[in-house]
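**Student:** Only the shape, not the letters, is given here:
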């Protein structure tokens with residue numbers, strides 16, 4: 001169990017160190033005005049991608065405190081995406097599921113590709129895992145929905161809380177040795193995903 005705690009602590013330190021480093025470079029006012037936020041992950045970041053007819057996040061009591069009605073967030077109010085967007089001085093990006101229904105003013109803040117209940121690998125939820133979410137982002141880049149200026153002024157938020165592990169235990173039971181090994185697998189895939197997001201943006205800028 002001690003090794004497992006060390007793995008978890010490493011993940012927490014890695015996330016906050018990365019976010020502080022990014023936040024520390026956002027001093028230019030023009031950068032703030034044109035910045036886009038791309039979100040990948042799970043229910044801690046999802047702002048309405050899960051299907052209305054299949055998801056409890058579109059039912060009460062979710063959204064009771066804010067925005068006073070269910071809107072697809074797995075929360076009584078803000079989720080991590082909303083807090084990060086507010087911290088960065090911008091509005092929350094629209095959910096990928098409905099982005100075509102929004103005008104240019106809302107799209108300028110980015111898009112949210114996160115789906116509640118998902119992980120870096122498939123879970124028992126019928127929604128795209130993180131690899132598929134990044135595929136959606138890559139497709140929009142290739143279609144020119146994101147241009148080089150957008151990508152030069154973009155920040156990515158990646159949320160991973162534990163759905164992979166819950167599904168693993170559901171399928172394989174509680175085997176401490178197996179779970180510890182799976183932690184390494186999940187971290188490796190998460191690292192690959194973060195590098196891929198960065199690479200997509202870099203290749204797109206180089207191609208313009």
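**Tutor:** Cool, the structure landed. This structure is a prediction, so every number in the text was calculated from the model and none was measured.

**Student:** Any idea how far apart the tips of stretch 151-165 sit?
**Tutor:** 32 Å (Cα to Cα, to the nearest Å).

**Student:** Now do that stretch: distance to the chain's middle.
**Tutor:** Chain-centre distance of stretch 151-165: 4 Å, with Cα atoms, centre = their mean, to the nearest Å.

**Student:** Show me which parts of it are buried, residue by residue.
**Tutor:** 151, 153-160, 163-165 (16 or more other Cβ atoms under 10 Å). Where C-beta positions appear, they are placed from N, C-alpha and C, glycine not excepted.

**Student:** Let me have those in CSV, adding secondary structure as columns.
**Tutor:** Formatted as CSV, the buried residues of stretch 151-165 follow (DSSP: H, G, I helix; E, B strand; the rest coil):
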residue, secondary structure
151, helix
153, coil
154, strand
155, strand
156, strand
157, strand
158, strand
159, coil
160, coil
163, helix
164, helix
165, helix
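
**Student:** mean confidence for the longest helix along the chain?
**Tutor:** Looking across the chain with DSSP state H, the single longest helix is helix 176-207. For helix 176-207, mean pLDDT rounds to 85.

**Student:** which other helices and strands contact the host helix or strand of residue 169?
**Tutor:** According to DSSP states H and E, residue 169 maps onto helix 163-172. When contacts are defined as 3 or more Cβ pairs under 8 Å, 6 or more residues apart in numbering; DSSP states H and E, helix 163-172 sits against helix 176-207.

**Student:** So for the helix it packs on, what gets flagged as buried?
**Tutor:** 179, 182-183, 186-187, 189-190, 193-194, 196-197, 200-201, 204.

**Student:** same check, this time on stretch 42-59
**Tutor:** 42-50, 55, 57-58.

**Student:** Kindly reformat those residues as JSON lines containing distance to residue 93, secondary structure and pLDDT.
**Tutor:** Formatted as JSON lines, the buried residues of stretch 42-59 follow (distance: Cβ to Cβ, whole Å; DSSP: H, G, I helix; E, B strand; the rest coil; pLDDT from 0 to 100):
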{"residue": "42", "distance to residue 93": "16", "secondary structure": "coil", "pLDDT": "94"}
{"residue": "43", "distance to residue 93": "16", "secondary structure": "coil", "pLDDT": "94"}
{"residue": "44", "distance to residue 93": "15", "secondary structure": "coil", "pLDDT": "93"}
{"residue": "45", "distance to residue 93": "10", "secondary structure": "coil", "pLDDT": "94"}
{"residue": "46", "distance to residue 93": "12", "secondary structure": "coil", "pLDDT": "95"}
{"residue": "47", "distance to residue 93": "8", "secondary structure": "strand", "pLDDT": "94"}
{"residue": "48", "distance to residue 93": "11", "secondary structure": "coil", "pLDDT": "93"}
{"residue": "49", "distance to residue 93": "11", "secondary structure": "coil", "pLDDT": "94"}
{"residue": "50", "distance to residue 93": "16", "secondary structure": "coil", "pLDDT": "92"}
{"residue": "55", "distance to residue 93": "19", "secondary structure": "coil", "pLDDT": "87"}
{"residue": "57", "distance to residue 93": "17", "secondary structure": "helix", "pLDDT": "89"}
{"residue": "58", "distance to residue 93": "19", "secondary structure": "helix", "pLDDT": "86"}
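
**Student:** and which of the residues you listed is nearest residue 91?
**Tutor:** residue 47 (11.2 Å; Cβ to Cβ).
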